[in-house]
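Q: Kindly generate the corresponding structure for this input.
(chains A, B and C)
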Amino acid sequence: MNDIIQQISNLSIGFKSKKGKEISILRKINLNIKKGETVGIVGESGSGKSTLALAMMGFVKQGLFTIDGECKFENLNLLKMSNKDLEEIRGRKIAMIPQNAGQSLTPNLKIGYQIEEALKLHTKLNVSERQKKISELLNKVRLPSPETIALRYPHELSGGQQQRVAIAMALAGNPNLLLLDEPTTGLDVTTQAHVLEVLKDIAKDTGTSMVYVSHDLGAIAQVSDRVVVMYAGEIVLEGPVRKILKDPIHPYANGLLKSIPKLSLKGLPNSMPGSQPQSDKLGIGCSFYERCNISSEKCKKNSPELDYLKEIDVNVRCFNFKDLKDFNKTTEFKNNEFNEKNTTENILKLNNLSISYAKQNFIDQFLGRIKDSNPTVKDINIEIKKGETLSLVGESGSGKSTILKSIAGLLKIQDGKIMFNEKDFLSDDLKARSSNNLRAIQLIFQNPDESLNPSHTVEEILSQPLKLYFNLQGQELKKNISDLLQKVRLGDFYMQRYPRQLSGGEKQRVAVARAFAANPDIILCDEVTSALDVSVQAAVLDLLKQLKKDFNTTYIFVSHDLAVVKAISDRVAVLYQGRLCEIGLSESVYKFPSHPYTEVLLGAVLEPDPDIKPRLIAEDIVEERPPEKGCTFQGRCPRILGDKCKNETPPWQIGLNGHAIRCHIEINELDRIQKKELLNGQQK
Amino acid sequence: MFFLISKRVALGLITLFIVSLITFIGVEVLPGDACTVYLEREAYGDALAACYKRLGLDISAFDRYLIWATNTLQLDFGFSLSGQMPINEILGPRIKNSMVLATTAIIIGIPFALILGIITALWRDKMPDIIISSLAIFSMTIPEFISSTLLILIVAIWLGWLPGIVIVPSDVTVMELLSNIILPVIAISMIMTAHMLRMVRSSVIQVMASDYVQMSILKGVPYWRMVFKHVLPNALLPAINVVALTIAWLLGGVVVTEVVFNYPGLGRLVIESISNRDLPVVQALALILASIYVGINLIADLLTLVLNPRLKTLQTRK
Amino acid sequence: MNDQVSTNNNIKKNPSKFFEVIKTMVSKPSGLIGLSIVCFHVFLAIISPLITPHDFKAINPSLMLLPPSSEYWFGTDHLGRDVFTRTILGGRVAILVTFFGSLIALTWGGLLGIFCGLVGGKIDDIVMRIVDAFLAIPWILAMLLIVSILGTSITVLIPALGLFYGKGIVRVARAATHDVIAKDFIVSARARGHSNFSIIWNEILPNVRDAILVEGAMRWSWMLLGFSSLSFLGFGVSPPTPDWGLMISNGRGLMSFAHWAVLAPITCLSSLIIGINLSADAFAKALGIDRTTKAPV
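A: You can find the predicted model right below:
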């Protein structure tokens, strides 16, 4: 029976450390890929999944070598073949779609040329046939006007377009197996959903096998037939997608799925303690032992093997998996303790805020300020109550980070003002702000690698705000730092460490501690969990929630991840191209009636449940700038009424509990239509 | 596109203007002036006054600058004190000689450097790289006068294959020069090639480590095709700037080599005019050499702009 | 639930960075060789006056151009002076001048580069344009001119060399500052309201310092090369002070029959320059700075 096209047996890949020790990145991997099936490989950074994907093409990165095992494709061990022989297979029988398409396309060659190159190498088409095929391929990945695209250079395309080109290029050789390494990471929510649709259709039409490597369980749920879960270089769980995602029987997978915020559930998920061990720190015994809550003595000293459970067609690597409680029963999220105290006190008020990035040229400056009539962010009116968590949601270009930065005083405001505590006017010039105002508003950034000074120890980093705002010194300073570290659940011994010695999650905790060091009133969180591993995100969110309770801080939380936003927010504001579309209580925004854009966003969210399919309501178009007049969403709105939307600014309509939507369609009408369509869609 | 080019050219001209200011002011602020410096002990009375008149030192500095600047724009560089003739007549043959030397070195050196640079990058850390890179580092770090001296010692004196020092006057024909310049060319090329090949090497290595090169391997692109179509065009773009700097150096920076070999080029003129304290000549040389430098860099800048797809489209899209 | 993020308690205190760097440098053969050569020469320069067998100034026409012997280990030069003595003393002025010249270059180049990187915009453009204009004039012409008029004392040479060789450091400092300024931790410090001075001193400087130091080390070797060239042309050290460049210049006419007069200084000068180069490279690698992407000149 030969419907297995790729067979990986006992594969171990690693490198030699500086001291000569052999360190494994992949340990004894056994995996079969069948014809026509899509296998999703799930793991966090450091699990070895990318190395596995590359190994399936016979590619082992510089510095790594095959310790043991083989990777067979059509009965040839790819890892032992010469590069010349591999050229016959790569691109032709097995094709790769890389993670960052923008970086993976050669910058000096036109798109058309690069696709034609693939055709020249792997097909026998002549020149005119190739030209036709290029258009065909670009159409297949739903790129509009393929002739124009073919003449462009990679950097002229958007992220989503680049990714599609990468897919087209991979399909050129009609491969039997497609390898995809995080193909949708970094793309907008709606773009992601569209690209996944394309991939699913391709798999269905051509019967190509796919291996989809990702940390995003939502994406994996949508495309995979089977799922493989990797941890610390090993496969710990493997089986049909429904079984794995709906009832994971390995404690890591179990904990992972429980720790992801979901739109369908309320509140904050439970976080998993600890983090994945690094490849050079693995000892004897199960690699998950430190973090496991069903572990026993046996697990400490013995490594479990992968057991095949025939009845459910699942492979699991655990001694005690039977002790795992039924998944659905225990998925109770922590009670979302709402700050029920109805504070009407406004701590921050954004009044008609407009910000422009347009650079004034010399003449404008000479003649006096001419305002940008179509600024990047326009007419933002938001009142933020003391102690609440308000989230700003939107995709790239929505202006959410811009607004955050202007609250922090880092950007020039073109129009409008920001009021603090109902009486203080916050200047857009940092130097003009009072010391107290500077202290009261703190910022946490997205990328923990860049937000901590690499040449400072943790102690030095935390002492900065303490010294600046409270003039603490000596013993008192040290005690405060120790307290802060404790609050973010890091021990004292972290004080002498440098950022490069910390993991992503630990660094972000230090950043959180630094923000709280100032005892601020407001903390601005700019995509603070987006750069972290999935299992760590929940822990950081949990930490933020706990600290908020302790300090009664107000959060303004910016994210593109709607599930995370739902889990942590009291109120949500939805932005599109720098204009406010909808604002209201979290539960109101996530239910109908919604602004059409919110509807599009929510539809595109990928839940880690294969039975919940995304709804692609709007086209995936990238807009360069907001329209001059009329509704800002007119370019993509599936419910556009016509000229009214193009010419007139839509009014604010207020619904229940202060829920505000900015749309020409009457709010009750919107509610009715949306609910009806959802019902129809579900019935199909 | 046109706007961008003209902007660069305008900036280049501004730089030249600043250079002329620096040259002029630089000479002005030095203690004494061209005449007292040149005449030294004889700097008094009629001789001094005559010198002043000749060089225009009897008028204000500002006026003198204007006259000098307008003259140089018309390629009239003034009057040489030590040579007692217009500077242009001195410059002519010297420029010719330096060009001969530079051109020969370029024709030999640049292709050599490119090929060796690529070889050392592609066979990185293997035998070819180790040998060539070590030689290159050696070449770069030994001062010119040492390598030139050693060349003369070994090739001319011990082996007697070639003449060591150039003993022809400055105004000979190109053909006659050629037979004399082998050793100087070798000396210069060694250094030049070493610098360039190291730079090409690191650029190629950097490109080879990029994502798109890895992608082309995974796409099944054969090795040499990848090197020529994906790697080299991207790796060699920065090389344009280095080549430009090298050319500029060849014309005015090889002073020491020209002295060692007694070659009658611009470099040796620098030494001669400074030793003779002939400030007008020094001033003229500074301006000319700087202009060559600025001009060549401008050309390199524009070439990079035209050839780099990212920069080209970024501008035209606006 | 045990929420401790990490239970790893045995992180030792980070050892002093200086020793770390030196240790890394000497772990590779090239770094070891380079550092040894440099230390040897510096040591020699310091103690050489104490160990000279003969007087370096002693002119003795009758002993002209003697080959190496037990009395005159490296032979004598064209004025009858002991080549060995002059050789071991020959590095003193060169090392002194170039070392302090490098410090000056580092200081002004680093400060100006950081300033330009911070200020950005028009001022940055203008200053860099002026620096470019300075770079356009061949350094040797400018140096020779200055020296010929102001003299060759070390009070002229050190600042002049420092001035001209600082230009390369400006570029590096500016680029390093540009890199750092875009990072979030600088934005974070600004948002907190730290003063500009505090940001420059605490946040920026420690991160650009490494790049500047590495460049400074390389500059030292170029400067030594340049200084020797000056001496060679007769515009550096004034006789009778011994200097390798000068010795080579004096001896080259007599190379065909008295090669000892040039070989010794050639070996010393070359080895020191190579030593500094190797050390600078090892230094860069130890600090984790990738120098291979920068233009060599």
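Q: Is residue A:229 located within a helix, as I assumed?
A: No: inclusion of residue A:229 in a helix is not indicated when DSSP: H, G, I helix; E, B strand; the rest coil is applied; the result is strand.
Q: ok, now which ones touch it?
A: Shown in contact with residue A:229 (CB atoms under 8 Å, 6 or more residues apart in numbering or on different chains): A:42-43, A:235-238, A:244, A:248, A:250, A:252-253, A:256. Heads up, the C-betas are built off the backbone N, CA and C, glycines and all.
Q: How about it: what's its closest non-neighbour residue?
A: Spatial nearest neighbour of residue A:229, chain neighbours left out: residue A:237 (4.1 Å); criterion: CB to CB, 6 or more residues apart in numbering or on different chains.
Q: is it true that that neighbour touches residue A:315?
A: Yes: between residue A:237 and residue A:315 a contact is recorded at 7.0 Å, counting by CB atoms under 8 Å.
Q: higher neighbour count, these two?
A: The residue with more neighbours, out of residue A:237 and residue A:315 and counting by other CB atoms under 10 Å in any protein chain shown, is residue A:237; that gives 27 against 19.
Q: low pLDDT regions in the chain?
A: I went with chain A, as the question did not name one. In the predicted model of chain A, residues A:1-2, A:326-343, A:358-371, A:682-684 satisfy pLDDT under 70.
Q: I was thinking of chain C, sorry if that wasn't clear
A: C:1-16, C:256, C:289-297.
Q: residue contacts, the residue nearest to residue A:229?
A: Listed by CB under 8 Å, 6+ apart, the contact partners of residue A:237 are A:227-229, A:244, A:248-250, A:252-253, A:314-317.
Q: Up against chain B, what does chain A have?
A: For chain A, the residues in contact with chain B (CB under 8 Å from any CB of the partner chain) are A:54, A:57, A:59, A:83-84, A:86-92, A:95-96, A:98, A:100, A:103-109, A:117-118, A:121-122, A:153, A:155-156, A:169, A:173.
Q: now the strands for the stretch 201-318 of chain B?
A: Using DSSP state E, counting those that start in this stretch, no strands are found in the stretch 201-318 of chain B.
Q: would residue A:235 count as being in a strand?
A: Yes: according to three-state DSSP, residue A:235 belongs to a strand.
Q: any idea how far residue C:243 lies from residue B:260?
A: From residue C:243 across to residue B:260, the span is 17 Å (CB to CB, to the nearest Å).
Q: For residue B:104, grab the count of nearby residues.
A: Around residue B:104 sit 19 other residues, with neighbours defined as other CB under 10 Å.
Q: That one is in contact with residue B:180, isn't it?
A: No: with the criterion set as CB under 8 Å, residue B:104 and residue B:180 do not qualify as a contacting pair; they are 11.2 Å apart.
Q: Does residue B:221 touch residue A:120 like I think?
A: No: using CB under 8 Å, residue B:221 is not in contact with residue A:120, being 9.9 Å away.
Q: For these two, indicate the residue with more neighbours.
A: Looking at residue B:221 and residue A:120 with other CB under 10 Å, you find the greater number of neighbours at residue B:221, namely 24 against 16.
Q: Give me every residue in the stretch 51-200 of chain C lying close to chain B.
A: Residues of the stretch 51-200 of chain C found near chain B (CB under 8 Å from any CB) are C:129-130, C:132-138, C:140-142, C:144-146, C:148-150.
Q: Let's see that with 7 Å instead.
A: Residues of the stretch 51-200 of chain C found near chain B, taking CB under 7 Å from any CB of the partner chain as the criterion, are C:129-130, C:132-134, C:136-138, C:140-141, C:144-145, C:148-149.
Q: just checking, which of the contacts of residue A:237 belong to strands?
A: Using DSSP state E to define strands, the subset of the contacts of residue A:237 located there is A:227-229, A:314-316.
Q: for stretch A:372-387, which positions count as buried?
A: Buried residues in stretch A:372-387, defined by neighbour count with 16 or more other CB atoms under 10 Å in any protein chain shown: A:372, A:374-380, A:382-387.
Q: cool, and stretch C:34-50?
A: The neighbour-count check on stretch C:34-50 (16+ other CB under 10 Å) flags C:34-35, C:37-38, C:41, C:44-45, C:48 as buried.
Q: Repeat that for stretch A:53-71.
A: A:53-60, A:64, A:66-67, A:69-71.
Q: anything in the host helix or strand of residue C:271 near chain B?
A: Under the assignment given by DSSP states H and E, the secondary-structure element containing residue C:271 is helix C:260-287. Yes: using CB under 7 Å from any CB, helix C:260-287 reaches chain B at C:262, C:266, C:269-270, C:273-274, C:277.
Q: Check the offset of stretch C:145-160 from the chain's centre.
A: Stretch C:145-160 has its average C-alpha position 18 Å from the chain's average C-alpha position, going by CA atoms, centre = their mean, to the nearest Å.
Q: actually stretch B:158-165, not the one I wrote
A: The chain centroid and the centroid of stretch B:158-165 are separated by 27 Å, computed with CA atoms, centre = their mean.
Q: now do stretch A:391-401
A: 14 Å.
Q: Output it in CSV with nothing but the alpha carbons.
A: The C-alpha coordinates for stretch A:391-401 follow below in CSV (Å, rounded to 0.1, in the frame of the first residue of the first chain):
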residue,chain,number,x,y,z
SER,A,391,-8.8,47.9,23.8
LEU,A,392,-8.1,49.4,20.4
VAL,A,393,-8.5,46.8,17.6
GLY,A,394,-7.8,47.0,14.0
GLU,A,395,-5.5,45.7,11.3
SER,A,396,-2.3,47.3,10.0
GLY,A,397,-3.0,50.9,9.1
SER,A,398,-5.8,51.2,11.6
GLY,A,399,-4.0,53.9,13.5
LYS,A,400,-4.2,52.1,16.8
SER,A,401,-0.5,52.3,17.6
